[in-house]
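[1] sequence and computational prediction follow.
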Amino acid sequence: MSNPIADPGHGHSPAAWTAVVIMLLAVALGTVFFCFNMPILVWACVGLLVVGALVGWIMAKAGYGVNGPKYTPKAH
């Protein structure tokens with residue numbers, strides 16, 4: 001059984017959710033553009049993937065990460 005005090009939160013934070021949604025959108029759109037043979041837009045989606053990771057990192061540094069002061073954990 002895991003210790004609830006040492007539980008890192010498994011990424012259930014606004015920073016993590018925002019990063020995952022942006023990156024999931026980038027992968028989905030990149031796949032569609034790949035199927036339609038639109039390489040410029042595929043590379044634009046690769047850029048969006050990097051932007052999603054940066055947004056998550058910036059939000060975590062701004063306090064919206066699991067251990068940030070602006071994060072309030074939800075009761076399960």
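    Thanks, I have the structure now.
[2] separation between the nearest residue to residue 52 once chain neighbours are set aside and residue 69?
    Spatial nearest neighbour of residue 52, excluding adjacent residues (Cβ to Cβ, 6 or more residues apart in numbering): residue 22 at 3.3 Å. For the C-beta atoms, the positions are set from N, CA and C on the backbone; glycine is no exception. Applying Cβ to Cβ, to the nearest Å, the value for residue 22 to residue 69 is 23 Å.
[3] between those two, which has more neighbouring residues?
    Neighbour count, other Cβ atoms under 10 Å: between residue 22 and residue 69, residue 22 has more, with 18 against 9.
[4] contacts only, for the more buried one.
    By Cβ atoms under 8 Å, 6 or more residues apart in numbering, residue 22 lies in contact with 48, 51-52, 55-56.
[5] state the phi and psi torsions of it.
    Geometry field for residue 22 lists phi and psi as phi -60, psi -40, criterion degrees, to the nearest 10.
[6] any idea how far residue 75 is from it?
    Distance from residue 22 to residue 75, counting by Cβ to Cβ: 27 Å.
[7] again, but for residue 46
    Counting by Cβ to Cβ, the gap between residue 46 and residue 75 amounts to 38 Å.
[8] so for the two, which sits in the more crowded spot?
    Counted by other Cβ under 10 Å, residue 46 and residue 75 do not tie: residue 46 has more neighbours, with 13 against 3.
[9] what's around residue 39, how many residues?
    By other Cβ under 10 Å, the residues close to residue 39 number 9.
[10] typo on my end, it should be residue 52
    20.
[11] do you know how far it is from residue 68?
    Counting by Cβ to Cβ, the gap from residue 52 to residue 68 is 18 Å.
[12] and if you look at residue 46?
    Residue 46 is 28 Å from residue 68, by Cβ to Cβ.
[13] excluding chain neighbours, what is closest to the spatially most central residue of the chain?
    The chain has residue 19 as the residue nearest its centroid, 1.8 Å off, counting by Cα atoms, centre = their mean. If the residues on either side of it in the chain are set aside, residue 19 comes closest to residue 56, at 2.6 Å by Cβ to Cβ, 6+ apart.
[14] thanks a lot, see you next time.
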